[in-house]
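**Student:** Give the three-dimensional model of this entry:
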Amino acid sequence: MGDLFWLTDEQMERLRPFFPKSHGRARVDDCRVLSDIIFINRNGLRWRDAPREYGSHKTLYNRWKRWGAMGIFAQMTDGLLAGKAKPQTNMIDAAYLKAHRTASSLRPKKGDPGRLIGRTKGGMNTKPHAITEQNGRALSFFMTAGQISDYTGADALMDSLPAAQWMLGDRGYDADWFRDALEKKGIKPCIPGQRSHGRPVKYDRRKYKRRNRIEIMFGRLKDWRLLATRYDRCPTVFFSAICLAATVMFWL
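**Tutor:** Prediction:
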């Protein structure tokens, strides 16, 4: 049991307000189940391969699917960072997460919005877009198929931007509308221009060097093996895995 992951009593107390109420029969121990969900996601195991100390793999999987569909793990992230994150600088970026053939196989059912998996030069990918604060701790995510432009993610994340002095972004966010939208919120853009921009774009080169922290954040997310390669067909479940990893690494 020494090699297994277990949430502490303090961590459980911080997570407990986000648990849905139990109706009827009492739930299986929350600490044991959540500890296993984290262990499975970090180590890339199948649910049937869960160590027996965590209990029945069917119970673990059902809790993961049910709470993911309810948005519980996204609520944990939002709730824990509320009041804590007061960034002077925001950073924005996106990354490609490879989709395994088991996630990208089979066509979506009629009426299904899709699995948010797209084809790029690197194959089948999913693309999480993220906002972090100056230390690289994740604040919000938006997920698209791999071929979707960075501008789409930037537009979707605009409403959730916390107040800050600066926004750091790479050349993929070189757009006049994005700079104008940031300035309307009182945020100074620090985004270099692309060669095709037509005119030089001034930006703080010294401040821009700190943008590597959001890249480090994505690297840490990919240390969770079920994120580095997407196996789940359901985009809601996969997004829950991203939120869970961010919660454990940065806010728990």
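**Student:** low-confidence ranges in the protein?
**Tutor:** 1-2, 24, 83, 85, 105-113 (pLDDT under 70).
**Student:** which stretches of the stretch 151-252 of the chain form strands?
**Tutor:** For the stretch 151-252 of the chain, applying DSSP state E, counting those that start in this stretch gives strands covering 166-168, 188-190, 229-230.
**Student:** out of those, nearest to M76?
**Tutor:** When the strands of the stretch 151-252 of the chain are compared by CB to CB, strand 229-230 sits nearest M76, at 20.7 Å. Placement of C-beta: from N, CA and C, glycine included.
**Student:** Kindly spell out which helices and strands sit in contact with the closest one.
**Tutor:** strand 97-99 (3 or more CB pairs under 8 Å, 6 or more residues apart in numbering; DSSP states H and E).
**Student:** I'd like to know which elements the strand it packs on is packed against.
**Tutor:** Checking 3+ CB pairs under 8 Å, 6+ apart, strand 97-99 ends up next to strand 123-133, helix 225-228, strand 229-230.
**Student:** what's the most buried one of those?
**Tutor:** Stretch with highest mean neighbour count among those: strand 123-133 (a mean of 22; mean count of other CB atoms under 10 Å).
**Student:** next SSE after that strand?
**Tutor:** Next along the chain after strand 123-133, taking DSSP states H and E as the criterion, comes strand 138-145.
**Student:** quick one: buried residues of that next one?
**Tutor:** Neighbour counts over strand 138-145 (16 or more other CB atoms under 10 Å) mark A138, L139, S140, F141, F142, M143, T144, A145 as buried.
**Student:** With stretch 23-36 instead?
**Tutor:** R32, V33, L34, S35, D36.
**Student:** quick one, helices of this structure?
**Tutor:** 9-15, 30-43, 57-69, 72-81, 101-104, 150-157, 176-184, 205-208, 212-221, 225-228, 235-246 (DSSP state H).
**Student:** now the ones you listed as CSV including distance to R195?
**Tutor:** Formatted as CSV, these follow (distance: least, CB to CB, whole Å):
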stretch, distance to R195
helix 9-15, 47
helix 30-43, 40
helix 57-69, 42
helix 72-81, 37
helix 101-104, 34
helix 150-157, 17
helix 176-184, 16
helix 205-208, 17
helix 212-221, 22
helix 225-228, 32
helix 235-246, 33
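**Student:** among the ones you listed, which is the most enclosed?
**Tutor:** helix 235-246 (a mean of 23).
**Student:** which residues touch that helix?
**Tutor:** Residues from elsewhere that reach helix 235-246 (CB atoms under 8 Å, 6 or more residues apart in numbering): 37-38, 41-42, 64-65, 67-69, 71-74, 76-77, 103, 114-116, 126, 128, 138, 141, 143, 221, 224, 226-227, 230, 232.
**Student:** can you give me the offset of it from its chain's centre?
**Tutor:** Remark: helix 235-246 is offset 6 Å from the chain centroid, using CA atoms, centre = their mean, to the nearest Å.
**Student:** repeat for stretch 72-86
**Tutor:** Put simply, stretch 72-86 sits 12 Å off its chain's centre (CA atoms, centre = their mean).
**Student:** follow-up on the earlier one: quick one: closest of the strands of the stretch 151-252 of the chain to K209.
**Tutor:** strand 166-168 (9.3 Å).
**Student:** For the closest one, buried residues please.
**Tutor:** With burial defined by 16+ other CB under 10 Å, the residues of strand 166-168 counted as buried are W166, M167, L168.
**Student:** before we move on, what about stretch 159-167?
**Tutor:** Neighbour counts over stretch 159-167 (16+ other CB under 10 Å) mark L161, A164, W166, M167 as buried.
**Student:** For the second one, give its distance to I92.
**Tutor:** The reference is to A164. 11 Å (CB to CB, to the nearest Å).
**Student:** try the first one
**Tutor:** Here the distance between L161 and I92 works out to 9 Å (CB to CB).
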